[in-house]
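Asker: I need the structure of the sequence given here:
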Amino acid sequence: MHQGFFTSRKATFQQYTTVPEELAAKIPLNLTFDQASTIPLTMATAAIGLYNKHIEPYGGCGLYPPWEEGGRDKYHGQPLFVTGGSSSLGQHVIQFAKISGFSPIITTASKRNEDYLKSLGATHVIDRSIPHSDILTAIEQITSTPVMVAYDAISDADTQNLCYEVVAPGGQVVIGLPPAIETSKLTSGKRIVQVFGSAHVPEQRPVGISLYQKVTELVANGDIKPNNVEVLPNGLLGIPDGLERLKSGQVSANKLVARPQETP
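Answerer: Next up, the predicted model:
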């Protein structure tokens, strides 16, 4: 399993592709190819946002990776907040936070996904539909320890502003889209980290190589789990309908997978 890139020979809308050996990992026996395909992109985005050093223009919190010696449970007892925990990215942020030792791990999501997210490592699931003021109150009731890391797996204007309010002075907010935080809220005491989720770019390749040396082991022992899978019919021709379902909110805590070789 590996992450694709933006050239024809490295792209993944095809049955066979190429990838640098150092950025590929063997699929352990407890995973199918379909399950494995759900991991690389959002795993990389989660890992790079949390553990890559900040090298302009690429963002990372610079935390110590849990797959490196001495990294597991390094952040024991420190809270972490994730918006969109049931998204593919949010699920991997939660899992990395767990093996890094963060606690509590607080996320927003639909309440129907609460049990599933707790099985991944979330300790508290807050209904994403309630007002921001209520979410902030809920977090204050969960922990009195300052939240120094918030990962916005949705990254629209609403969730970015929420995360920015959650983190304490000196904290970091990881976003995946261009910043949309209200100017009136900005303070020099909080850092905005815009992540580009690719292990292929030179500034992020070292953390990607480090991670891929341990991916097979992490997946085999259950530290990193795949998303729930739904295989689309008709290969690549099934993607447009899948995108429409995503757009209309019909997909939750699920990854739509297309098998290019099944395209009629």
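Asker: Which of the three states applies to the most centrally placed residue in the chain?
Answerer: In the chain, the C-alpha nearest the mean C-alpha coordinate belongs to L89, at 2.9 Å (C-alpha atoms, centre = their mean). Following DSSP: H, G, I helix; E, B strand; the rest coil, L89 is assigned to helix.
Asker: contacting residues around it?
Answerer: Under the criterion of C-beta atoms under 8 Å, 6 or more residues apart in numbering, the neighbours of L89 are 42, 45-46, 153, 176, 197. (C-beta placed from N, C-alpha, C; glycine too.)
Asker: Over to P20?
Answerer: Contacts of P20 (C-beta under 8 Å, 6+ apart): H200.
Asker: Against G208, how distant is it?
Answerer: 9 Å (C-beta to C-beta, to the nearest Å).
Asker: what touches both of the two?
Answerer: Applying C-beta under 8 Å, 6+ apart, one finds that P20 and G208 are jointly contacted by H200.
Asker: got a pLDDT number for the residue nearest to the centre of the chain?
Answerer: At L89, the model reports a pLDDT of 96.
Asker: which residue ranges form the helices in the stretch 51-200 of the chain?
Answerer: 88-100, 114-120, 132-142, 157-166 (DSSP state H, counting those that start in this stretch).
Asker: which of those helices sits most buried?
Answerer: Greatest average neighbour count among the helices of the stretch 51-200 of the chain goes to helix 88-100 (a mean of 26), per mean count of other C-beta atoms under 10 Å.
Asker: Distance check, the residue nearest to V125 when sequence neighbours are not counted against E140.
Answerer: By the measure of C-beta to C-beta, 6 or more residues apart in numbering, the closest residue to V125 outside its immediate chain neighbours is E114, 4.2 Å from it. E114 is 20 Å from E140, where distance means C-beta to C-beta.
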